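*Asks:* Take this sequence and fold it.
(one chain, ligands or ions: 2)
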Amino acid sequence: MTGLTLALSKGRIFEETLPLLRAAGIEVLEDPETSRKLILPTNHDGVRIVMVRASDVPTYVQYGGADLGVAGRDVLHEQALAQGGSHGLYQPLDLKIARCRVSVATRADFDYAAAVKQGSRIRVATKYTEIARQHFADKGVHVDLIKLYGSMELAPLTGLAEAIVDLVSTGGTLRANKLVEVEQIMDISSRLVVNQAALKLKRDLLRPLIDAFASAIQP
Ligand code: PRT
Ligand code: MG
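*Replies:* Residues are numbered from 1 along each chain as shown. Ligands and ions are numbered 1, 2, ... in the order given. So this is what the prediction gives:
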């Protein structure tokens, strides 16, 4: 494949990557919210955007389905823990977009501190099972992890779990569901990820793009 293929996910990552693309002179010619196309053209013949699930971005880049992509540190860290490293992925830039944090949250009436202190087993629902496993292992807290794929906030409200490990940005979703953030695990922003082979083979195309992104990052 000549030219460059960039993997993005719909929603905040796509929206917040647009200004960086613009800084590199790249305009996306269709809106992923209304277009049914999975491959979006740009004003550059040599640059196309593939729209994938947020958690699939590292996989596309790792195996060369895309030359580069934008992925949250949550997704990258979870996958690196699961695979024992981030193989074939070069992460040259923290783009400082789509910022949030990974936190532990519980119902307001659950005494998390006491449960931890007493060494009780805690049931934790999350899609970030590896990040959660490591976090609680580091603290010496016994947990039973329940893997979920959506709406983690529902778990403590239904008795599925006592705690969740999820992303928090404004805290509005937790508040709306009467949950409280009891611990912050890590700060999250999105990274530029580049396929390591592409970095060598397509250096002349990639370098100017990486440099343009780097100068457009907002602190
Ligand atoms: O939605 P889908 O299941 O397809 O995939 P996804 O949820 O992984 O994708 P998307 O687009 O929602 O998120 C992509 C990336 O954006 C994540 O991997 C994070 O790196 C980053 N990001 C930044 C966030 C948030 N902020 C965020 N607030 N991702 C999700 N949220 C959700 C959070 O899960 C919770 O349900 O928003 C809710 C909390 O937001 P507040 O503002 O109410 O606290
Ligand atoms: Mg989502």
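*Asks:* Give me the buried positions along stretch 180-194.
*Replies:* Neighbour-count burial for stretch 180-194, counted by 16 or more other C-beta atoms under 10 Å, picks out 180, 182-183, 185, 188-194. Bear in mind the C-beta positions are built from the backbone N, C-alpha and C, glycine included.
*Asks:* Can I get the residues you listed in JSON lines including distance to ligand 1?
*Replies:* JSON lines is the format used below for the buried residues of stretch 180-194 (distance: C-beta to the nearest ligand atom, whole Å):
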{"residue": "180", "distance to ligand 1": "12"}
{"residue": "182", "distance to ligand 1": "15"}
{"residue": "183", "distance to ligand 1": "15"}
{"residue": "185", "distance to ligand 1": "13"}
{"residue": "188", "distance to ligand 1": "5"}
{"residue": "189", "distance to ligand 1": "7"}
{"residue": "190", "distance to ligand 1": "6"}
{"residue": "191", "distance to ligand 1": "9"}
{"residue": "192", "distance to ligand 1": "13"}
{"residue": "193", "distance to ligand 1": "12"}
{"residue": "194", "distance to ligand 1": "18"}
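*Asks:* Quick one: residues in contact with the worst-scoring helix or strand of the chain on mean pLDDT.
*Replies:* Least confident element among the helices and strands of the chain, by mean pLDDT, DSSP states H and E: helix 112-117 (a mean of 94). With contacts defined as C-beta atoms under 8 Å, 6 or more residues apart in numbering, helix 112-117 is touched by 104, 106, 122, 139, 141, 162-163, 182-183.
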